[in-house]
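Asker: Sharing a sequence plus its predicted fold:
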Amino acid sequence: MPSKFKVVKTDAEWKNQLTPEQYNVLRQKGTERPHTGEYAEHFEKGTYVCAACGNKLFDSGTKFHSDCGWPSFDQAIKGSVIYEHDGSYGWDRTEVMCANCGGHLGHVFDDGPEETTGKRFCTNSVSIKFIPAEEK
């Protein structure tokens, strides 16, 4: 059965490419501890890409201060992510994954800024990398 993702690697290849924490989050749907990630309070101009495959996910202009302990965005770049229902731990949530490689990014909630989309893409810092605007 063909994969729905453009980037497909074996488990061993992912383990070799990613740090243990990145592997836990991106490939095993883990979560980094709140207020520990490098991008929670990061507000420079640029683009956030998938740490596993480099897919452009979020523009810095959509990032906002949410006080939740993880980087938060009010929208993803169109077509960059996919969504799946997540009923783990008895919760009813929507998981957000990279549309290019299927890496787990976090979850999306309906408690974001009302003046924009009302969405909060709660994203693990280890699942993304920041590319400053001047490096584009």
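Answerer: Good, I have the coordinates. Just so it is clear, the structure is predicted and the values come from calculations on it, not from any experiment.
Asker: could you list every residue that touches His27?
Answerer: His isn't right for residue 27; it's Arg. By Cβ atoms under 8 Å, 6 or more residues apart in numbering, the contact list for Arg27 reads 11, 14, 18, 52, 103-104. Every C-beta, even on glycine, is put in place using the N, C-alpha and C of the backbone.
Asker: Go again with 6 Å.
Answerer: Neighbour list for Arg27: Trp14 [criterion: Cβ atoms under 6 Å, 6 or more residues apart in numbering].
Asker: What of Phe58?
Answerer: 48, 73, 76.
Asker: Please identify the buried residues of stretch 22-38?
Answerer: 22-27, 29, 32, 37 (16 or more other Cβ atoms under 10 Å).
Asker: Could you report the pLDDT at the most centrally placed residue in the chain?
Answerer: By Cα atoms, centre = their mean, the chain has its centre lying nearest to Leu105, at 2.9 Å. Listed pLDDT for Leu105 reads 98.
Asker: OK, contacts around it?
Answerer: 96, 123, 127.
Asker: now do Ala51
Answerer: 22, 127-129.
Asker: between these, which has the most around it?
Answerer: The member of the contacts of Ala51 that has the most neighbours, counting by other Cβ atoms under 10 Å, is Ser127 with 30 neighbours.
Asker: how about the contacts of Phe58 in a markdown table, adding distance to Ser3, neighbour count and pLDDT?
Answerer: Conversion of the contacts of Phe58 to a markdown table gives the following (distance: Cβ to Cβ, whole Å; neighbours: other Cβ atoms under 10 Å; pLDDT from 0 to 100):
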| residue | distance to Ser3 | neighbour count | pLDDT |
| --- | --- | --- | --- |
| Tyr48 | 24 | 27 | 98 |
| Phe73 | 26 | 29 | 98 |
| Ala76 | 21 | 25 | 98 |
